[in-house]
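1. below is the sequence, then the predicted model.
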Amino acid sequence: MNQQLFTTIRTKIEQDERITDAEALQLYESDDLLAIGELADLANRRKNGTRVFFNVNRHINYTNVCVNHCRFCAFCKDGSEPDAYTYNLAEILQRAAEAKAAGATELHMVGGLHPELPFEFYLRMMATLKANNPKIKIKAFTAVEIDYFARISGLGVEEVISELKRLGLDSTPGGGAEIFAAEIRTQICAEKISAERWLEVTEKIHAGGLKSNATMLFGHVEDYTHRVDHMRRLRDLQDRTRGFQAFIPLAFQTENSNIRVEHGPDGIDCLKTLAISRIYLDNFQHIKAYWVMLGLKVAQVALCFGVNDLDGTVVEEKIGHDAGADSPQALGKEEIVRQIRSAGRTPVERDTLYQDLQVY
Ligand code: V47
């Protein structure tokens, strides 16, 4: 039964045909991780050869104050909590200057939905960062934040995007997607925008001329059908816009969260999820193993399971580490290159838009 499934899917991959939701579910239900991984590796090699991307980036989480209370999130705080923080412009610029000195080509900036900061704060932040660091690309603001900016400013989403882009926004990250199914969203992030709104805002980001990523938070209360449903909606949107660069499955970190599960996703589940996403999302060029949430060892092994992107150096990561991630805070470029080489692949340092900067 499984053999027939793997043969059918191999033929589909070789003929550039997409697999169905039912086939993706059958892959999830199979225990044959190596067979799944081999198919994902085939699909990846057809798209990317042996090249594996990474970048020199720096995360700046400018505030953890958030009006939403997503149950999975250990990062977000109410403004009155002792560990709530909001960086001022000087503190943000300081981090950007450190990033520049370390050779970063990208700033990855996301934060909570702050109840008091006006939209002008973000505009000023963008303009000042760009003026001080014209060569560094800024990947900032999830679809959830863009929607929030529209609400607090009274502007349309299109206008919010075009203003931010005019001042220097280069692309947007893939956060806030979580799991699209309403029955899961109401359990884990009831106050967050709906799946439909996330997809609508993302479509407008793409229509506004910006590329974005897409994430999926997995290994909490969802089941395989929710994961496949999530990927189907992304694949459909990608057919229309071609605006997604990478898909990033985020392994749920359990500490300090309000979701009660005995454990997060294990190594097998992580590798299976990355591999199936490579096979299912035939219109995504890049599948990213975010080592912060996966742990470095699983992320490296994922390079043999369909993954072609290891994210980057990161530096000062808060969202995963507040939730107990035991990965390092940062990785040196040399270490990333070593990890990729040791998997028998070719390390390629990229910029935000996946242009080659250096092949190692
Ligand atoms: O949207 C929050 C997730 C996301 C937890 O686009 C958690 O290149 C696991 O989106 N366990 C933010 N995940 C991070 C993100 C991201 C990361 C790296 C690269 C890119 C990219 C995007 O983190 C949130 C949420 O889904 N998250 N809490 C947790 N306990």
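-> Cool, the structure landed.
2. so which residues on the stretch 51-200 of the chain come close to the ligand?
-> 72-74, 173-176, 178 (CB under 6 Å from any ligand atom). C-beta: built from backbone N, CA, C; applies to glycine.
3. and if we set it to 8 Å?
-> 59, 70, 72-75, 108, 110, 139, 142, 144, 172-178 (CB under 8 Å from any ligand atom).
4. what sits against the closest residue to residue 212 other than its chain neighbours?
-> Excluding its sequence neighbours, the residue lying closest to residue 212 (CB to CB, 6 or more residues apart in numbering) is residue 172, at 4.3 Å. Residues near residue 172 by CB atoms under 8 Å, 6 or more residues apart in numbering: 139-143, 146, 205, 210-213.
5. which ones among the residues of the stretch 51-200 of the chain next to the ligand are found in helices?
-> Using DSSP state H, residue 144 are the members of these that sit in helices.
6. what is the nearest of the contacts of residue 172 to the ligand?
-> The shortest approach to the ligand among these belongs to residue 213, at 3.5 Å (CB to the nearest ligand atom).
7. excluding residues flanking it in the chain, which one is nearest that closest one?
-> residue 174 (3.1 Å).
8. can you count the residues close to that neighbour?
-> 23 (other CB atoms under 10 Å).
9. and if you look at residue 117?
-> Residue 117 has 18 nearby residues by other CB under 10 Å.
10. that one sits in which helix or strand?
-> Of the helices and strands defined by DSSP states H and E, none includes residue 117.
11. what residues does the stretch 251-360 of the chain have near the ligand?
-> Residues of the stretch 251-360 of the chain lying near the ligand (CB under 8 Å from any ligand atom): 251-257, 264, 288, 290, 292-293, 311, 319-320, 322-325.
12. this protein: strands as residue ranges?
-> 51-55, 57-60, 106-109, 137-140, 169-172, 211-218, 244-251, 286-287, 309-312, 346-350, 356-359 (DSSP state E).
13. how about those, which one is nearest residue 66?
-> Closest to residue 66 of those is strand 106-109 (CB to CB; 14.9 Å).
14. show me the contacts for the residue of the chain at minimum distance from the ligand.
-> Residue nearest to the ligand within the chain (CB to the nearest ligand atom): residue 175, separated by 2.7 Å. Each residue near residue 175 by CB under 8 Å, 6+ apart is listed here: 110, 142, 144, 215.
15. with residue 168 instead?
-> 126-127, 129-130, 138.
16. want to throw these into a markdown table with neighbour count and pLDDT?
-> Shown next, in a markdown table, are the contacts of residue 168 (neighbours: other CB atoms under 10 Å; pLDDT from 0 to 100):
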| residue | neighbour count | pLDDT |
| --- | --- | --- |
| 126 | 21 | 97 |
| 127 | 14 | 96 |
| 129 | 24 | 96 |
| 130 | 18 | 95 |
| 138 | 24 | 98 |
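17. perfect, I'm done here.
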